[in-house]
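Enquirer: A structural model of the following input is requested.
(2 chains)
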Amino acid sequence: QQQVKQSPQSLIVQKGGISIINCAYENTAFDYFPWYQQFPGKGPALLIAIRPDVSEKKEGRFTISFNKSAKQFSLHIMDSQPGDSATYFCAASKSSNTGKLIFGQGTTLQVKP
Amino acid sequence: DTAVSQTPKYLVTQMGNDKSIKCEQNLGHDTMYWYKQDSKKFLKIMFSYNNKELIINETVPNRFSPKSPDKAHLNLHINSLELGDSAVYFCASSQAGTGAFFGQGTRLTVV
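Expert: So this is what the prediction gives:
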(Lines give C-alpha, C1' and ligand atoms only; values in the text may rest on other atoms or scores of the structure.)
Protein backbone atom coordinates (compact mmCIF):
# COMPACT_ATOMS: atom_id res chain seq x y z
CA GLN A 1 0.00 0.00 0.00
CA GLN A 2 1.54 3.25 -1.14
CA GLN A 3 0.68 5.77 1.56
CA VAL A 4 2.12 8.78 -0.25
CA LYS A 5 1.63 9.07 -4.00
CA GLN A 6 3.68 11.56 -6.01
CA SER A 7 3.33 12.81 -9.56
CA PRO A 8 4.63 13.35 -12.14
CA GLN A 9 7.49 10.87 -12.24
CA SER A 10 9.51 13.26 -14.40
CA LEU A 11 9.19 16.89 -15.38
CA ILE A 12 10.92 19.11 -17.91
CA VAL A 13 10.61 22.87 -17.50
CA GLN A 14 12.19 25.80 -19.29
CA LYS A 15 14.38 28.19 -17.35
CA GLY A 16 12.23 30.82 -15.69
CA GLY A 17 9.13 28.62 -15.71
CA ILE A 18 7.14 27.18 -12.80
CA SER A 19 7.70 23.59 -11.73
CA ILE A 20 4.78 21.90 -9.97
CA ILE A 21 4.94 18.53 -8.22
CA ASN A 22 1.93 16.98 -6.55
CA CYS A 23 1.48 14.54 -3.69
CA ALA A 24 -1.46 12.80 -2.07
CA TYR A 25 -1.51 10.98 1.24
CA GLU A 26 -3.89 8.47 2.79
CA ASN A 27 -3.23 8.45 6.52
CA THR A 28 -5.01 11.32 8.25
CA ALA A 29 -2.72 10.87 11.24
CA PHE A 30 0.12 12.43 9.25
CA ASP A 31 0.73 16.00 10.35
CA TYR A 32 4.17 16.91 9.04
CA PHE A 33 4.82 17.20 5.31
CA PRO A 34 8.35 17.98 4.11
CA TRP A 35 9.86 18.15 0.66
CA TYR A 36 13.36 16.91 -0.05
CA GLN A 37 15.78 17.68 -2.88
CA GLN A 38 18.35 15.12 -3.93
CA PHE A 39 21.26 15.59 -6.31
CA PRO A 40 23.05 12.58 -7.85
CA GLY A 41 25.42 10.95 -5.40
CA LYS A 42 24.13 13.00 -2.47
CA GLY A 43 21.71 12.44 0.36
CA PRO A 44 18.23 13.98 0.36
CA ALA A 45 18.24 17.54 1.71
CA LEU A 46 15.30 19.07 3.53
CA LEU A 47 13.92 21.88 1.38
CA ILE A 48 10.73 23.09 3.00
CA ALA A 49 8.03 21.62 5.23
CA ILE A 50 4.44 22.38 6.21
CA ARG A 51 1.97 21.37 8.88
CA PRO A 52 -1.78 21.02 8.26
CA ASP A 53 -2.73 24.13 10.23
CA VAL A 54 -1.65 26.35 7.31
CA SER A 55 -2.60 26.16 3.63
CA GLU A 56 0.57 27.63 2.19
CA LYS A 57 4.21 28.15 3.10
CA LYS A 58 6.75 30.05 1.05
CA GLU A 59 10.54 30.10 1.32
CA GLY A 60 12.25 32.02 -1.46
CA ARG A 61 11.27 30.49 -4.80
CA PHE A 62 9.77 27.39 -3.15
CA THR A 63 6.13 27.23 -2.04
CA ILE A 64 4.12 24.39 -0.54
CA SER A 65 0.35 24.43 -1.02
CA PHE A 66 -1.64 22.19 1.30
CA ASN A 67 -5.25 21.00 0.98
CA LYS A 68 -6.22 19.12 4.13
CA SER A 69 -9.71 18.12 2.98
CA ALA A 70 -8.36 16.62 -0.25
CA LYS A 71 -5.31 15.15 1.52
CA GLN A 72 -3.06 16.68 -1.10
CA PHE A 73 -0.05 18.96 -1.10
CA SER A 74 2.17 20.33 -3.80
CA LEU A 75 5.53 21.98 -4.35
CA HIS A 76 5.81 25.00 -6.63
CA ILE A 77 9.24 26.15 -7.79
CA MET A 78 9.01 29.65 -9.21
CA ASP A 79 11.52 31.00 -11.75
CA SER A 80 13.01 27.52 -12.15
CA GLN A 81 16.77 27.44 -12.77
CA PRO A 82 19.07 24.80 -14.27
CA GLY A 83 20.59 24.40 -10.80
CA ASP A 84 17.19 23.20 -9.58
CA SER A 85 17.55 20.07 -11.73
CA ALA A 86 17.37 17.24 -9.20
CA THR A 87 15.04 14.59 -7.82
CA TYR A 88 12.35 15.87 -5.49
CA PHE A 89 10.59 13.79 -2.88
CA CYS A 90 7.50 14.58 -0.89
CA ALA A 91 7.11 12.87 2.45
CA ALA A 92 4.79 12.59 5.41
CA SER A 93 5.19 11.75 9.08
CA LYS A 94 3.51 12.08 12.45
CA SER A 95 4.44 14.70 15.02
CA SER A 96 5.38 11.93 17.46
CA ASN A 97 8.37 11.12 15.23
CA THR A 98 8.77 13.67 12.44
CA GLY A 99 11.92 12.04 11.10
CA LYS A 100 10.19 8.71 10.52
CA LEU A 101 9.19 9.58 6.99
CA ILE A 102 6.99 7.90 4.40
CA PHE A 103 8.26 9.06 1.03
CA GLY A 104 6.60 9.53 -2.32
CA GLN A 105 8.13 7.89 -5.37
CA GLY A 106 10.14 10.94 -6.41
CA THR A 107 10.06 13.36 -9.35
CA THR A 108 13.05 13.94 -11.57
CA LEU A 109 13.09 17.60 -12.59
CA GLN A 110 15.09 18.88 -15.52
CA VAL A 111 15.25 22.62 -16.09
CA LYS A 112 16.40 23.47 -19.58
CA PRO A 113 18.49 26.64 -20.15
CA ASP B 1 31.57 20.25 9.79
CA THR B 2 29.49 17.43 8.35
CA ALA B 3 26.23 17.12 10.30
CA VAL B 4 25.52 13.45 9.53
CA SER B 5 28.47 11.42 8.31
CA GLN B 6 28.57 7.79 7.33
CA THR B 7 31.35 5.45 6.24
CA PRO B 8 32.19 3.95 3.92
CA LYS B 9 30.79 5.81 0.91
CA TYR B 10 31.12 2.72 -1.28
CA LEU B 11 31.10 -0.92 -0.23
CA VAL B 12 31.52 -3.88 -2.59
CA THR B 13 31.31 -7.32 -1.07
CA GLN B 14 30.50 -10.91 -1.87
CA MET B 15 27.29 -12.75 -1.08
CA GLY B 16 27.26 -14.32 2.33
CA ASN B 17 29.62 -11.80 3.92
CA ASP B 18 28.85 -9.72 7.00
CA LYS B 19 29.40 -5.96 6.80
CA SER B 20 28.84 -2.82 8.86
CA ILE B 21 28.14 0.78 7.96
CA LYS B 22 28.97 3.46 10.50
CA CYS B 23 27.06 6.66 11.14
CA GLU B 24 27.72 9.66 13.34
CA GLN B 25 25.75 12.87 13.84
CA ASN B 26 27.03 16.04 15.51
CA LEU B 27 23.67 17.84 15.58
CA GLY B 28 22.76 16.73 19.08
CA HIS B 29 19.60 15.08 17.77
CA ASP B 30 17.71 12.55 19.86
CA THR B 31 16.63 10.16 17.13
CA MET B 32 18.56 8.42 14.38
CA TYR B 33 17.40 6.39 11.39
CA TRP B 34 18.47 4.12 8.62
CA TYR B 35 16.81 4.44 5.21
CA LYS B 36 17.24 2.31 2.10
CA GLN B 37 17.08 3.75 -1.43
CA ASP B 38 16.58 1.16 -4.14
CA SER B 39 17.59 1.25 -7.80
CA LYS B 40 14.38 3.15 -8.65
CA LYS B 41 15.32 5.83 -6.09
CA PHE B 42 12.49 4.83 -3.77
CA LEU B 43 13.32 5.70 -0.16
CA LYS B 44 12.06 3.49 2.64
CA ILE B 45 12.69 3.66 6.36
CA MET B 46 14.34 0.67 7.95
CA PHE B 47 14.85 1.68 11.57
CA SER B 48 14.06 4.51 13.92
CA TYR B 49 16.05 4.62 17.15
CA ASN B 50 16.42 6.82 20.19
CA ASN B 51 17.57 6.08 23.70
CA LYS B 52 14.23 4.72 24.62
CA GLU B 53 12.85 2.94 21.63
CA LEU B 54 13.87 0.97 18.58
CA ILE B 55 11.22 0.84 15.89
CA ILE B 56 11.82 -1.70 13.20
CA ASN B 57 10.06 -1.64 9.86
CA GLU B 58 8.41 -5.03 9.66
CA THR B 59 9.63 -5.58 6.11
CA VAL B 60 13.30 -5.45 7.13
CA PRO B 61 14.94 -8.90 7.31
CA ASN B 62 16.41 -9.79 10.69
CA ARG B 63 19.81 -10.04 8.99
CA PHE B 64 19.86 -6.26 9.43
CA SER B 65 20.52 -4.93 12.90
CA PRO B 66 21.18 -1.40 14.17
CA LYS B 67 23.70 -0.92 16.93
CA SER B 68 24.02 2.30 18.89
CA PRO B 69 27.07 2.73 21.15
CA ASP B 70 25.89 6.20 22.16
CA LYS B 71 23.41 8.92 21.26
CA ALA B 72 25.53 10.29 18.40
CA HIS B 73 26.17 6.98 16.64
CA LEU B 74 23.96 4.40 14.95
CA ASN B 75 25.72 1.70 12.99
CA LEU B 76 24.08 -0.79 10.66
CA HIS B 77 25.24 -4.38 10.70
CA ILE B 78 24.20 -6.75 7.93
CA ASN B 79 24.67 -10.50 8.12
CA SER B 80 24.78 -12.99 5.26
CA LEU B 81 24.54 -10.39 2.52
CA GLU B 82 22.34 -11.18 -0.48
CA LEU B 83 22.26 -9.78 -4.01
CA GLY B 84 18.98 -8.03 -3.23
CA ASP B 85 20.62 -6.03 -0.47
CA SER B 86 22.41 -3.93 -3.09
CA ALA B 87 21.17 -0.37 -2.61
CA VAL B 88 22.14 2.99 -1.19
CA TYR B 89 21.77 3.16 2.59
CA PHE B 90 21.26 6.50 4.26
CA CYS B 91 21.71 7.37 7.88
CA ALA B 92 19.65 10.29 9.18
CA SER B 93 18.86 12.10 12.41
CA SER B 94 16.15 14.38 13.68
CA GLN B 95 15.04 16.41 16.65
CA ALA B 96 11.45 16.58 17.84
CA GLY B 97 9.37 18.56 15.37
CA THR B 98 11.87 18.58 12.52
CA GLY B 99 12.36 16.45 9.47
CA ALA B 100 15.27 14.09 9.09
CA PHE B 101 18.75 15.27 8.11
CA PHE B 102 20.49 12.75 5.89
CA GLY B 103 24.06 11.63 5.44
CA GLN B 104 25.66 11.30 2.01
CA GLY B 105 24.83 7.62 1.70
CA THR B 106 26.66 4.32 1.38
CA ARG B 107 26.34 2.54 -1.93
CA LEU B 108 26.39 -1.19 -1.17
CA THR B 109 27.01 -3.59 -4.02
CA VAL B 110 26.75 -7.31 -3.38
CA VAL B 111 28.37 -9.52 -6.02
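Enquirer: now for A:I20: which residues touch it?
Expert: A:S74, A:L75, A:H76, A:I77 (C-beta atoms under 8 Å, 6 or more residues apart in numbering or on different chains). (C-beta placed from N, C-alpha, C; glycine too.)
Enquirer: what lines up beside the host helix or strand of the third one in the sheet?
Expert: Okay, so that is A:H76. Following DSSP states H and E, one finds A:H76 within strand A:72-77. Next to strand A:72-77 in the sheet, as set by DSSP bridges, lie strand A:19-25 (antiparallel), strand A:62-67 (antiparallel).
Enquirer: grab the longest strand from chain A for me.
Expert: Longest among the strand segments of chain A by residue count, using DSSP state E, is strand A:86-94.
Enquirer: that one and chain B in contact?
Expert: Yes - judged by C-beta under 8 Å from any C-beta of the partner chain, strand A:86-94 comes into contact with chain B through A:T87, A:F89, A:A91, A:S93.
Enquirer: and the gap between the closest residue to chain A within chain B and A:L47?
Expert: Closest approach between chain B and chain A, counting by C-beta to the nearest C-beta: B:S94, at 2.8 Å. B:S94 sits 15 Å away from A:L47 when distances are taken as C-beta to C-beta, to the nearest Å.
Enquirer: I'd say A:S10 and A:G106 touch.
Expert: No - under the criterion of C-beta atoms under 8 Å, A:S10 lies out of contact with A:G106, with a separation of 9.4 Å.
Enquirer: neighbour-wise, which of these two wins?
Expert: Counted by other C-beta atoms under 10 Å in any protein chain shown, A:S10 and A:G106 do not tie: A:G106 has more neighbours, with 22 against 11.
Enquirer: would you list the phi and psi of that one?
Expert: Comment: the main-chain dihedrals of A:G106 come out as phi 100, psi 150, following degrees, to the nearest 10.
Enquirer: ok, it to A:T28 distance?
Expert: With distances defined as C-beta to C-beta, the gap from A:G106 to A:T28 amounts to 23 Å.
Enquirer: need phi/psi at the residue lying closest to A:P44 once chain neighbours are set aside.
Expert: The spatial neighbour of A:P44 that comes closest, neighbours along the chain excluded (C-beta to C-beta, 6 or more residues apart in numbering or on different chains), is A:Y36 at 3.9 Å. Listed backbone geometry of A:Y36 is phi -120, psi 150, with angles given as degrees, to the nearest 10.
Enquirer: okay, and the beta partners of A:Y36?
Expert: A:L46, A:F89.
Enquirer: pull the number of nearby residues for it.
Expert: For A:Y36, the neighbour count with other C-beta under 10 Å is 25.
Enquirer: ok, it touching A:I48?
Expert: No - with the criterion set as C-beta under 8 Å, A:Y36 and A:I48 do not qualify as a contacting pair; they are 9.4 Å apart.
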